[in-house]
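Student: I would like to see how this sequence folds:
(chains A and B)
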Amino acid sequence: MSLYPNYPLRTERLTLRPFTRGDVDAVFAYRRREDVARYLFDTSLSREECALAVQQRIGQVALEAEGDKIILGVELADSGVLIGEVSLIWRSVEARQGEVGWIFDPDYQGRGYATEAANAMLDLAFGPGDIHRVSARCDVRNESSWRLMERLGMRREAHFREHAIFKSRWDEEFIYAILWQEWQTLRAAQTPS
Amino acid sequence: MSSLSLPIETDRLILRTFERSDIDGLGAYHALPSVQRYVFTRTRDTSEVAGALNTMRSHVSLQRPGDTLTLAMVRKGDKVLIGHVSLHWSDATAGQGEVRFCINPAYAGQGFSREALSAVYDLAFDHYRIHRVFARCDGRNHHSIKLMQQMGMRLEAHYREHALFQGEWDEELHFAILDREWQRSSKVKDLPVRHRVA
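Tutor: Coordinates of the predicted model:
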C-alpha cells in the first residue's frame, strides 16, 4: 500500500514537514558538527554537501516502492526553528517492514522533542502506512539513540559484535524493533478512555 | 594462505567435497520434510536432489567473497554420507563467514554435527583467517539452537516477524563467535607453536 501523508504532521510542540530549499543553513548548523556525525554513515558535512542533502530530501515525501524514504524536517511549532529530521524507510513491501531514523541538533536535546517526533513517525508507519514491524538501529556507543528507542517502546532484537567495519573500526550495533500489535497496546494504554 | 588440504579427518568423520556418486546418500535425507523444514533454499522432492548435488559439488573452495565451501560428512568405517556442512564467505573486508549444516535424522543426536562444525570453525579461523563466524536458524529449531550453544556461540539477534518464511511470519536467531573466542580443538593446540603461526 503506497503512503502519501498530508503535510504537515503536527504534534503537541512540533511540526513535521517536507524539506525546502530554504533549509540548507539550518541543516548545516548541526550536520557540520563532529558530535552529530560520529555515529552516522556520513562524516560532518560542508555547506555544499548540506545543500545536496536538502535537495535529495525535498523529494522524499512518500512511500511508493520498496526502499523509498520519507524524510521530514522537525520544526518547533512556536518559533519555526528547524531542530532535526526524522525518517521512515520502506524496507519490505511483502513483509510490511519499515525502519525509522533521526538526526537532531544537540542544542535542543533533553526536552523530549526527538521522542515526540519519532512517535509521530511510528503512528504514521503503523496507522496509514499499514506497516507490520518497524525497526531502528544504532551504534552501541550511541546511548541517547538507543535510550530513545526504549522510550518509544521498542525491544532490543540484536546486538551484533564486530560484524562489520564502521569508519575504519570494528562495528558494534543494536537493532531495536516494535510490532504493530505492540504499538497498538502501547497507544491504547496511553489514550485516556 | 596455504592451499586447502582436503579431506579433513575428525575422530569419527571424514569431511570431503561432494562427488557425483553421492546422489543416493544425499537422496536418503536431503528431501525429507523434517530436513527441509527450516532451510533457506528448498529441495522439495527427490527429483530436485540432483540439482542440489550439482550446486554442492561446485562449492569446493573459498576464492572470493560470496563463495561457499560445502563438505560432505562421511562416517569413517562404513563410509556412509550422514550430512553436510558449509562455510560461506560473506564479507572480505570485515572477515565474516556463515555456516550452515544438515544431518540425516537417522544419525542425529550423536554429536556428529558438532564434530564436523568444530573442524569447519578451525578451518574458518585458522586457514581462511575469518574474524567472525555466524549462523542463522529458525526460532523453533531447537536442535540447531542447542548445537549453537554447545559450540560456544553467542545469541546476537532474535528477530520477530521481520520477514515472511514459507508463508508464515518468521522468527530468526543469529548466533556468532569471534576468532579470539573460539576454543580450538585439542589436536590443534598440541601442534608445536611454529605450526600454528602463519
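Student: for the residue of chain A found nearest chain B, which non-adjacent residue is spatially closest?
Tutor: Using CB to the nearest CB, the closest approach of chain A to chain B is made by residue A:158 at 3.4 Å. Just so you know, the C-beta spots here come from the backbone N, C-alpha and C atoms, and that holds for glycine as well. Beyond its immediate neighbours in the sequence, the residue positioned closest to residue A:158 (CB to CB, 6 or more residues apart in numbering or on different chains) is residue B:157, lying 3.4 Å away.
Student: and the residue of chain A closest to chain B, what helix or strand is that in?
Tutor: When secondary structure is defined by DSSP states H and E, residue A:158 falls within strand A:155-166.
Student: in that strand, what's buried?
Tutor: Residues of strand A:155-166 classed as buried under the neighbour-count rule (16 or more other CB atoms under 10 Å in any protein chain shown) are A:157, A:158, A:159, A:160, A:161, A:162, A:163.
Student: which residue packs closest to the fourth one, ignoring adjacent ones?
Tutor: By the measure of CB to CB, 6+ apart, the closest residue to residue A:160 outside its immediate chain neighbours is residue A:173, 4.7 Å from it.
Student: ok, what's across the strand from residue A:138?
Tutor: Judged by DSSP bridges, the bridge partners of residue A:138 are residue A:174.
Student: partners of the residue of chain A closest to chain B in the sheet?
Tutor: According to DSSP bridges, residue A:175, residue B:157 are recorded as the beta-bridge partners of residue A:158.
Student: what about it, distance to residue B:150?
Tutor: 22 Å (CB to CB, to the nearest Å).
Student: for residue B:45, same thing?
Tutor: Taking CB to CB as the measure, residue B:45 and residue B:150 are separated by 32 Å.
Student: who has more neighbours, those two?
Tutor: Shown here are residue B:45 and residue B:150; by other CB atoms under 10 Å in any protein chain shown, residue B:150 has more neighbours (13 against 9).
Student: neighbours of the nearest residue to that one once chain neighbours are set aside, how many?
Tutor: Counting by CB to CB, 6+ apart, residue B:150 lies nearest to residue B:114, which is 5.8 Å off, once chain neighbours are set aside. Other residues within reach of residue B:114, judged by other CB under 10 Å, total 14.
Student: and if you look at residue A:175?
Tutor: By other CB under 10 Å, the burial measure for residue A:175, its neighbour count, is 23.
Student: contacting residues for it?
Tutor: With contacts defined as CB atoms under 8 Å, 6 or more residues apart in numbering or on different chains, residue A:175 is in contact with A:135, A:136, A:137, A:156, A:157, A:158, A:160, B:157, B:159.
Student: closest to residue B:101 out of the residues you listed?
Tutor: Taking CB to CB as the measure, residue B:101 sits nearest to residue B:157 out of these, at 18.7 Å.
Student: hmm, that closest one is touching residue B:172, no?
Tutor: Yes: taking contacts as CB atoms under 8 Å, residue B:157 lies within contact range of residue B:172: 7.4 Å.
Student: so what touches the one helix or strand residue A:135 maps to?
Tutor: In this structure, residue A:135 is located in strand A:133-139 according to DSSP H and E. Counting by CB under 8 Å, 6+ apart, the neighbours of strand A:133-139 from elsewhere in the structure are A:39, A:88, A:91, A:95-101, A:122, A:125-126, A:145-146, A:149, A:152, A:154, A:157, A:166, A:171-180, A:183, B:160-162.
Student: what of stretch B:75-82?
Tutor: Contacting residues not belonging to stretch B:75-82 are listed as B:9, B:12-14, B:22, B:25-26, B:28-29, B:72-74, B:103-104, B:106-107, B:112 [CB under 8 Å, 6+ apart].
Student: what about the residues you listed, which are in helices?
Tutor: Secondary structure assignment (DSSP state H) places B:25, B:26, B:112 from the contacts of stretch B:75-82 within helices.
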